[in-house]
Every structure is written in C-alpha cells, then in structure tokens.
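Peer 1: Quick one, structure for this:
(chains A and B)
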Amino acid sequence: ETGVTQTPRHLVMGMTNKKSLKCEQHLGHNAMYWYKQSAKKPLELMFVYNFKEQTENNSVPSRFSPECPNSSHLFLHLHTLQPEDSALYLCASSQVTSGTGADQPQHFGDGTRLSIL
Amino acid sequence: QKEVEQDPGPLSVPEGAIVSLNCTYSNSAFQYFMWYRQYSRKGPELLMYTYSSGNKEDGRFTAQVDKSSKYISLFIRDSQPSDSATYLCAMSSSASKIIFGSGTRLSIRP
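Peer 2: Prediction:
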C-alpha cells in the first residue's frame, strides 16, 4: 500500500446510526487532517493532528469525533448526523517541519462519499 | 472577500490547446502555492508546489506566481482528454493553514 488510503469508499447511513471512517497513511508523515468537500465549495478543514495531538478543531459539531491512535492512522467517528452532512470526506497527511506545517503540501486519499438518509 | 478566488468554470477547450487556469488571493503573506488535480470520484493529487514568485515547469505544466498582483496561474500545454478534471489552487504562509480555492472544472474535447 502506498500513499493515503481511506475506507470505506462509500457509506450510506441513517440519521440515528453510528459509523466510523478510517484513514491510513504510508508516507511517514507526522500530521494528518480531515476535510469535508461539498459541491462547488472550497475544501473545509475539520481537524488537524500533529504527532497524534489534536491541534485544530475548526468549529466542527460534536456529532463528528476524531481519533488519532498513532501518526499513521486517523478515524472519524460519526453519530446522529444530519442530511447536510452528506459530502465527500477527505483525509490528508503532511510532514510538519516547523510551525503550522502549512509550508509543506498535503497528500490526499480518495475520500469516503457519505450519504445521510 | 474570500481569501482565495477561483473561477469554477466549466472551461471547455479542444485537444492540443493551451489551457490557462488562475487564482487570485488577498493575503499578501502567502508564500507557498500549490495546484492539485482532482478526477471524478478521486481525491486531490498534488501537481505543482512553488515557493514565492516566479515560474516552475514540469513537463506540460507550468506554474506561475505573481506576488505583486496576488495572482497565480497554471498553464497546460498540448492539452489531452486525460487532463479533464477539476483543478484546485491552494496557498499558505508559514503562520497560516493551507487555504484552497473552490476549483475549476476543465474539459478537453477530443
């Protein structure tokens, strides 16, 4: 496996379900990110983890709960989602060398297409 | 005003044409500039990464940064149908997170 791998690729869930998205990076990076991508809108940064520590939560509702057990794995736990949460959820990783790490490009997985019934 | 502005398109050009994709931005502190390509049902793929002003060339792709005008461009020479995708610009400074444009949809007609 190379790059950033996300599972599942597609997920359909009801508003009362609980599910988890998984991301694994094989690039040796020390930072991981969750983004939401909706049609015709810029990527929305949700969470940032540097060295397994959450360093940013971009005012994301508590029905989204991230978990980063180590620098290679990232999860997004979902519960009682709303129809407006239907979107493509992208995971990314990068190598932070200093500060915010924004001087290094991020590498993305292919995303999980989430549909809320 | 958005920090990064990008025309959503769609942009349709014939095969072999030169394509010009552009973004403008408002934050003069941005120093790092990226272009990503995103195919349908795939994640964004890093195409070009440049620091500060100037040009960078990689095969058929040229990235250009004009910091005085707060304007960046991606040129694609000899465009191919396989170049049909959404192109995202992105930029950052050492003190800020990466900000993405909303993407331009490009279609290359055979």
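Peer 1: in what helix or strand does the closest residue to A:Gln106 other than its chain neighbours lie?
Peer 2: Spatial nearest neighbour of A:Gln106, chain neighbours left out: A:Ala92 (4.1 Å); criterion: Cβ to Cβ, 6 or more residues apart in numbering or on different chains. (Each C-beta comes from the backbone N, C-alpha and C, glycine too.) Using DSSP states H and E, A:Ala92 falls within strand A:87-94.
Peer 1: Chain A contacts on chain B?
Peer 2: Chain B has residues B:4, B:8, B:31-32, B:34, B:36, B:41-46, B:49, B:88, B:90, B:92-103 near chain A, with proximity defined as Cβ under 8 Å from any Cβ of the partner chain.
Peer 1: Just the element for the residue most central in space within chain A, please.
Peer 2: The structure's chain A has its C-alpha centroid closest to A:Trp34; by Cα atoms, centre = their mean the separation is 2.4 Å. Counting by DSSP H and E, the element that carries A:Trp34 is strand A:31-37.
Peer 1: Give me the angle between that strand and strand A:87-94.
Peer 2: For strand A:31-37 against strand A:87-94, the angle by axes from the mean of the first three to the mean of the last three Cα atoms, to 10 degrees is 160 degrees.
Peer 1: Quick check: buried residues in stretch A:17-34?
Peer 2: A:19, A:21-25, A:29-34 (16 or more other Cβ atoms under 10 Å in any protein chain shown).
Peer 1: Quick check: the two most widely separated of the residues you listed?
Peer 2: Maximum pairwise distance among the buried residues of stretch A:17-34 (Cβ to Cβ): 27.2 Å, between A:Lys19 and A:Asn30.
Peer 1: just to revisit the earlier point, ok, so of the buried residues of stretch A:17-34, who is nearest chain B?
Peer 2: A:Tyr33 (9.0 Å; Cβ to the nearest Cβ).
Peer 1: hang on, that closest one packs against A:Asn50?
Peer 2: No. Using Cβ atoms under 8 Å, A:Tyr33 makes no contact with A:Asn50, being 9.9 Å away.
Peer 1: Kindly state the beta-bridge partners for B:Thr50.
Peer 2: Judged by DSSP bridges, the bridge partners of B:Thr50 are B:Phe33.
Peer 1: Please apply the same query to A:Val4.
Peer 2: With DSSP bridges as the criterion, A:Val4 is bridged to A:Gln25.
Peer 1: Quick one: neighbours of it, just the number.
Peer 2: 24 (other Cβ atoms under 10 Å in any protein chain shown).
Peer 1: swap in the one 10 residues further on?
Peer 2: The tally of other residues near A:Gly14 (other Cβ under 10 Å) stands at 10.
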